[in-house]
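**Q** with the sequence up front, the predicted model follows.
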Amino acid sequence: MSDAPNPPETRRPKGTPRFPDGPKADPAGSHFERRIRSFQPRRSRVTAGQADALARLWPKWGLDIDGHKIPDLGELFGNDNPVVLEIGFGMGEATAQMAAADPDTNILAVDVHTPGQGNLLGLADRGGLTNIRVANGDAIILLREMLAPDSLDGLRVYFPDPWPKKRHHKRRLIQPEFLSLAATRLRPGALVHCATDWEPYAEQMLEVLGAHPDFENTQPDGGFAPRPGFRPLTRFEGQGLDKGHVVNDLLFRRVQHGEKEARG
């Protein structure tokens, strides 16, 4: 199917949703308190191929983060395989590659970018990848309101918005409060994997994760990790490397409360 942009729409009444059975524009609405968001929705055109994938596959593989219904992950994926939460997947190429390389691990991929949601659904469909589900909305609401304790076997946060200006640092996702919330949903032994090409943010991640009692660094020296083979080199990352950016990976493991102090 052609992935050329759709022609201008003239028949859809103003205010009606583009995809009636697809991802909602604001699934949680005003049901939850306003907070400083760590993401900024991007607006760009949905191509014909992405629109087709959203229309066909969202009812089967999509999840709106409305904060009300608590999904049964085994039912959502149709099996009891381990589930890894990926927050922010861009256009989904790396997510699809990781799903293809590890079909026995389920990936719950969260983003708010409609073209990326459609693109990942299309990649999963064409690749026969049944271990991907796409969630639309705020990952904090998903973690806090919709996921059961100890329900996740991993967390991936690749190249989150670095919010480089000092006054915006409070918007960065990797903060002590976020890690405390994530820890309640991660099973002991679950791997938290972050990657960024913004060195000041990488240093903050290392400091915050290193100080948190529920996580321990997998690196004996307490530093950054080499890029593991299971994380593909993304197009975005390649562009950053071409510009001389340094990419840092962090691999931390969820520990039982108090276990880190006992080892120390």
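**A** On my side now, so go ahead.
**Q** so which strand or helix has the residue lying closest to residue 209 once chain neighbours are set aside?
**A** Closest residue to residue 209 apart from its sequence neighbours, by C-beta to C-beta, 6 or more residues apart in numbering: residue 252 at 4.9 Å. The C-beta positions use only the backbone N, C-alpha and C, and glycine is treated the same way. Under the criterion DSSP states H and E, the helix or strand holding residue 252 is strand 248-254.
**Q** got the contact list for that strand?
**A** Defining contact as C-beta atoms under 8 Å, 6 or more residues apart in numbering, one finds that strand 248-254 is touched by 183, 186-197, 199, 202, 205-206, 209, 214-219, 224-228, 231.
**Q** returning to what we had before: burial of the residue nearest to residue 209, as a residue count?
**A** Here the number of neighbours of residue 252 (other C-beta atoms under 10 Å) works out to 24.
**Q** how about it: which residues does it bridge to?
**A** residue 192, residue 217 (DSSP bridges).
**Q** could you measure it against residue 105, distance?
**A** Distance, residue 252 to residue 105, using C-beta to C-beta, to the nearest Å: 18 Å.
**Q** what pLDDT is listed against residue 245?
**A** pLDDT for residue 245: 88.
**Q** against residue 195, how distant is it?
**A** Plainly put, residue 245 is 12 Å away from residue 195 if you go by C-beta to C-beta.
**Q** residue ranges of the helices in the stretch 51-200 of the chain, please?
**A** For the stretch 51-200 of the chain, the helices defined by DSSP state H, counting those that start in this stretch occupy 73-77, 93-101, 114-127, 139-141, 176-185, 199-211.
**Q** could you give the mean pLDDT of the first one?
**A** Per-region confidence: helix 73-77 scores 97 on mean pLDDT.
**Q** for the stretch 151-264 of the chain, which spans come out with low pLDDT?
**A** 258, 260-264 (pLDDT under 70).
**Q** one more time with 50, if that's ok
**A** For the stretch 151-264 of the chain, no stretch has pLDDT under 50.
**Q** and the angle for the strand holding residue 252 with helix 176-185?
**A** Per axes from the mean of the first three to the mean of the last three C-alpha atoms, to 10 degrees, the angle that strand 248-254 makes with helix 176-185 is 50 degrees.
**Q** so how far is strand 248-254 from its chain's centroid?
**A** Relative to the centre of its chain, strand 248-254 is centred 15 Å away, using C-alpha atoms, centre = their mean, to the nearest Å.
**Q** dump the residue contacts of residue 114.
**A** Residue 114 touches 23, 46, 50, 54, counting by C-beta under 8 Å, 6+ apart.
**Q** ok, now how distant is it from residue 120?
**A** Remark: distance between residue 114 and residue 120 (C-beta to C-beta) = 11 Å.
**Q** same check, this time on residue 222
**A** Taking C-beta to C-beta, one finds residue 222 at 34 Å from residue 120.
**Q** among the two, which residue is more densely surrounded?
**A** For residue 222 versus residue 120, neighbours defined as other C-beta under 10 Å are more numerous around residue 120 (31 against 9).
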